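Asks: after the sequence you'll find the predicted model.
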Amino acid sequence: MSARTFASMANTMTQDELVAELEHRFGPDPKRWAFVCPICGDVACAQDFIDAGANPDKVGQECIGRSLGVLKRDQPKGGYKGRGCDWAAYGLICGPMFVVMPDGHKVPCFNVAEAVE
């Protein structure tokens with residue numbers, strides 16, 4: 001990583017910067033790279049999505065609760081008692097972070113979680 005620390009970066013970073021930070025915090029296995037939901041605080045990695053039978057590409061853009069059933073129509077209001085919430089980084093309120101892809105477009109995502117030792 002450059003002399004800039006992750007904490008001092010603005011809420012926008014390049015894809016290469018994001019991958020470097022994720023590897024620094026969690027190692028080279030993308031299934032272990034974790035993001036934190038800005039609403040409920042749940043920390044999820046791609047392996048959590050895989051274990052839920054969901055698309056692991058949603059990590060960092062959707063709270064794990066969306067894959068675990070919070071959006072099921074047959075649940076009474078307030079009936080969901082599982083992990084996570086229904087937040088998505090690409091919803092009405094985007095972010096809290098944006099990743100600049102190699103082609104220049106910005107993709108909204110959650111913040112990188114703190115590594116747990």
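Replies: Thanks, I have it. Numbering: from 1, shown residues only.
Asks: and the pLDDT for Ala7?
Replies: Per-residue confidence (pLDDT) for Ala7: 40.
Asks: swap in Glu117?
Replies: Looking at Glu117, its pLDDT reads 61.
Asks: from what I can see Gly82 touches Gly65, true?
Replies: Yes: between Gly82 and Gly65 there is a contact at 6.5 Å, judged by C-beta atoms under 8 Å. Placement of C-beta: from N, CA and C, glycine included.
Asks: higher neighbour count, the two?
Replies: Gly65 (22 against 13; other C-beta atoms under 10 Å).
Asks: look up how far Met97 lies from that one.
Replies: Distance, Gly65 to Met97, by C-beta to C-beta, to the nearest Å: 19 Å.
Asks: same deal with Asp57?
Replies: Going from Asp57 to Met97 by C-beta to C-beta gives 17 Å.
Asks: which of these two has more neighbours?
Replies: Using other C-beta under 10 Å, the more surrounded residue of Asp57 and Met97 is Met97, with 22 against 10.
Asks: in contact with the more buried one, which residues?
Replies: Counting by C-beta atoms under 8 Å, 6 or more residues apart in numbering, Met97 touches Asn11, Thr12, Met13, Ala89, Pro108, Cys109, Phe110, Asn111.
Asks: ok, now with 10 Å
Replies: With contacts defined as C-beta atoms under 10 Å, 6 or more residues apart in numbering, Met97 is in contact with 9-13, 18, 35, 38, 60, 89, 106-112.
Asks: please apply the same query to Ala52.
Replies: Ala52 neighbours (C-beta under 10 Å, 6+ apart): Ala44, Lys58, Ile64, Gly65, Arg66, Ser67, Leu68, Gly69, Gly82, Arg83, Gly84.
Asks: rerun at 8 Å
Replies: Contacts for Ala52 (C-beta under 8 Å, 6+ apart) come out as Ile64, Ser67, Leu68.
Asks: mind putting the residues you listed in TSV, secondary structure included?
Replies: Converted to TSV, the contacts of Ala52 look like this (DSSP: H, G, I helix; E, B strand; the rest coil):
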residue	secondary structure
Ile64	helix
Ser67	helix
Leu68	helix
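Asks: if you rank these by neighbours, which is first?
Replies: Neighbour max across these (other C-beta under 10 Å) = Ile64, 25 neighbours.
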